[in-house]
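[1] need the 3D shape of this:
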Amino acid sequence: MPEKPTSNPKTGKEGKEQPRVGVYVCNCGGNIGDVVQCKLAAERLAKLPDVVASRDHMFMCSDPGQNLIIEDIKENGVNRVVIGACSPFLHEQTFRKTLERAGLNPYLYYHVGLREQDSWVHHDHPEEATEKAVRLMATGVAKARHLEALEPVRIEARQHALVIGGGVAGLRSALDIARRGLKVTLIEKSPFIGGRVPRLNHVFPASEDARQMIGDLIAQVTSHPDISIYTQTEAVAVKGYVGDFRVELRQARRGFSRPLTPEESKTLEAALADYAADIPDEINYGLTQRKPVFMPYPGGFPDIPAVDWEHLNGNQAFKLTARTLGIDLTNEPTSIPINVGAIVVATGFRPYQPFQGEFGFGELPEVITLPQFERILASDGPTGGKLEWNGRPVRSLALIHCVGSRQIEGVHQPQEDGQVNDYCSRVCCTATLQAANDVREKFPQVQVYDLYQDIRTYGRGHEDYYRKASDNRVLFLRYFGEEPPEVSRAPQGENYPVLVKVKDHLTNGEEIEIPVDLVVLAVGMMPNPVNDLIDLLKITPGKDRFLLEAHPKLRPVETAVPGVVLAGTAQGPMNIQESSASGSAAAAKVSGLLSQAKVELEPFVARVNQELCQGSGECVRVCPYEGAITLTTVTMNGKSVQRAVVTPANCKGCGTCVGACPNHAIDLLGWTLEQYEAMLDALVMELPMLEVEK
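    Numbering: from 1, shown residues only. This next block holds a predicted model:
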């Protein structure tokens, strides 16, 4: 059971000693001081009751600024600190650590955001801004008088992590966590790990062999003794909190328990020969078909075939062969309970699927996507690396950028949720240029047209792909998003089957018609559908449907749920190098959380006054967080009664229960009703008129 936040006996009797408030107004290098008269504000605040030190400084977050606070705590007996500065998101932890170094409880401090709430929004009104600064700081002083010395919520941490997703980000995260001495369970929804990397031929910018690269990573992960891997597995229930998540996994049966011998493989292949199945082969993005028992590619892991239960039918010949080979054709999922301290969500992405008729897709067989085209160029692809389509060599092709990315409302068809993909998928430009260069170098007789909005080759060395494409005589045409290219069937008897019409803004908007054999759509990235995980883990998607981090700069891989972190393209479009780095960042965060015996959480949670509580249960009914507050039978004055009890690890400090309690028996530590009332009184109290310096 997690320990409850308590008052610190070293800083007074339940934090109720006589307040001695130190007030500090930061100039923020001019961000505040160019508008607010910080020195004057500090002088006025010094006259408030209980304020024993009031100062201004150019940079309170600097070492000299922090030393000023430490000196006042040690020399002047300051036991409450109020700082007016920039956003608390930037320096709240900085100032808490300052108080700790001075021997003061870090929660006896209140931060006033003078930059965002005052100087930046009242830049042209310095007199009023100065008065507002004094009033805002006065509310901080009023709250500080009622601050309590708190301790973090401390939770026993299980040194075991769950990684959801077996792509490059999940694999890298699992390996890095295990290398730090923690146990890892990695689950993958599909029958094989590796994600989408094995479908590539080679990867930019070093032109590494994609399967060799992912194979090396898989070998390291699968050989590590502290990593357990479950394929065809999903998380179906999650309870608990950071340090102690109780997760139920459900694993479908594979059908095979071991690799087949060459003779058994031939027997199985013969049994499947007449199997009536036209299942799109995922490895070739539907350009070929496979059987319901399959291996994605030679060297895949696990090196054991898998049964596709969704497409398995009652073929009797196959069933007889299955019995002789020891194949279990009863799909009875297995439930696997595990307890972990943290969860990494690395659920990956899916390529954008164009709508029927979008740039001719689905209506003209000569229109394909870039992932499909990359499989055509691959030596083990459906054409054996030959550049041909429908049995004919490709003489001319058009590559169209930004299909499914940078979309415009009213121009492009929205997704099911009514939103268009207005974000940039980032990696498509370089991937498209790499494909263009591959074509020109392997098949120099083929004419390549590149139709783009903007070339965004943002990575190190990626701009070289654009220069190389120019040297390789790729012909570039630029269109605007409001006027996308039109793809249509060429008239009967023409030499080329497809016409691409585009208004080219490199030639002052001239309308150009391009005859081609093949149109390749450079589709963007979309997140894999993970609504079930969103509901289970209580994490949040952004407007772009990718999973949302707590803060893009300060907490780039954390979610708002403690102990749940993000990795790779579950969070947004990334290339392989970025996904790998993201996986390592998630691993570092998980390792930092779980490497110690306990996890520390903020103490700003609900507290129930058992004397006032009547057990109405209103707080339980309105609480949005499972297990945060419950009705429990307790003994009071020799009687068994129902009382509300808070589990601090599950409580997020939202305060909903405070307003719902009919007996005012609940308060929120750090934001009590008494503190709110004091702040409101300070907002309306009379302050002396300010003499603003001219």
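[2] list the contacts of the nearest residue in space to E511 that is not next to it in sequence.
    Leaving aside its sequence neighbours, E511 sits nearest to K503 (Cβ to Cβ, 6 or more residues apart in numbering; 5.2 Å). Any C-beta I mention is one placed from the backbone N, CA and C, and that applies to glycine too. Residues near K503 by Cβ atoms under 8 Å, 6 or more residues apart in numbering: Y479, F480, E483, G509, E510, E511, I512.
[3] quick check, nearest of those to V21?
    Of all the contacts of K503, F480 has the smallest distance to V21: 59.2 Å, by Cβ to Cβ.
[4] what about that closest one, how many neighbours?
    11 (other Cβ atoms under 10 Å).
[5] same thing with H551?
    Neighbour tally, H551, other Cβ under 10 Å: 11.
[6] bridged to it, which residues?
    Beta-bridge pairing of H551 under DSSP bridges involves R555.
[7] sorry, back to before: just the buried residues of the contacts of K503.
    Neighbour-count burial (16 or more other Cβ atoms under 10 Å) is assigned, among the contacts of K503, to Y479, I512.
[8] so among the contacts of K503, where is pLDDT lowest?
    Lowest pLDDT of these: G509, 92.
[9] for D450, see how far away that residue is.
    18 Å (Cβ to Cβ, to the nearest Å).
[10] A570 too?
    Counting by Cβ to Cβ, the gap from A570 to D450 is 30 Å.
[11] so where's the stretch 201-350 of the chain uncertain?
    Applying pLDDT under 70 to the stretch 201-350 of the chain flags the ranges 276-277, 314-317.
[12] for it, just list every one of the strands.
    Listed in chain order, the strands of the stretch 201-350 of the chain (DSSP state E, counting those that start in this stretch) span 202-203, 208-209, 227-231, 233-241, 244-251, 279-280, 289-290, 293-294, 306-307, 334-340, 342-345, 349-351.
[13] circling back: can I get the contacts of K503 in JSON lines with secondary structure and distance to I539?
    Output for the contacts of K503, formatted as JSON lines (DSSP: H, G, I helix; E, B strand; the rest coil; distance: Cβ to Cβ, whole Å):
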{"residue": "Y479", "secondary structure": "coil", "distance to I539": "37"}
{"residue": "F480", "secondary structure": "coil", "distance to I539": "37"}
{"residue": "E483", "secondary structure": "coil", "distance to I539": "38"}
{"residue": "G509", "secondary structure": "coil", "distance to I539": "46"}
{"residue": "E510", "secondary structure": "strand", "distance to I539": "49"}
{"residue": "E511", "secondary structure": "strand", "distance to I539": "47"}
{"residue": "I512", "secondary structure": "strand", "distance to I539": "47"}
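[14] and of the contacts of K503, the nearest to Y625?
    Scanning the contacts of K503 for proximity to Y625, where the rule is Cβ to Cβ, the winner is F480, at 47.2 Å.
[15] mind listing what that closest one touches?
    Q453, K503, H505.
[16] for F355, see how far away it is.
    Between F480 and F355 the distance is 20 Å, computed by Cβ to Cβ.
[17] swap in V646?
    Counting by Cβ to Cβ, the gap from V646 to F355 is 50 Å.
[18] just want to know which of these two has more residues nearby.
    For V646 versus F355, neighbours defined as other Cβ under 10 Å are more numerous around V646 (20 against 14).
[19] was I right about that one contacting R607?
    Yes - using Cβ atoms under 8 Å, V646 makes contact with R607 at a distance of 6.7 Å.
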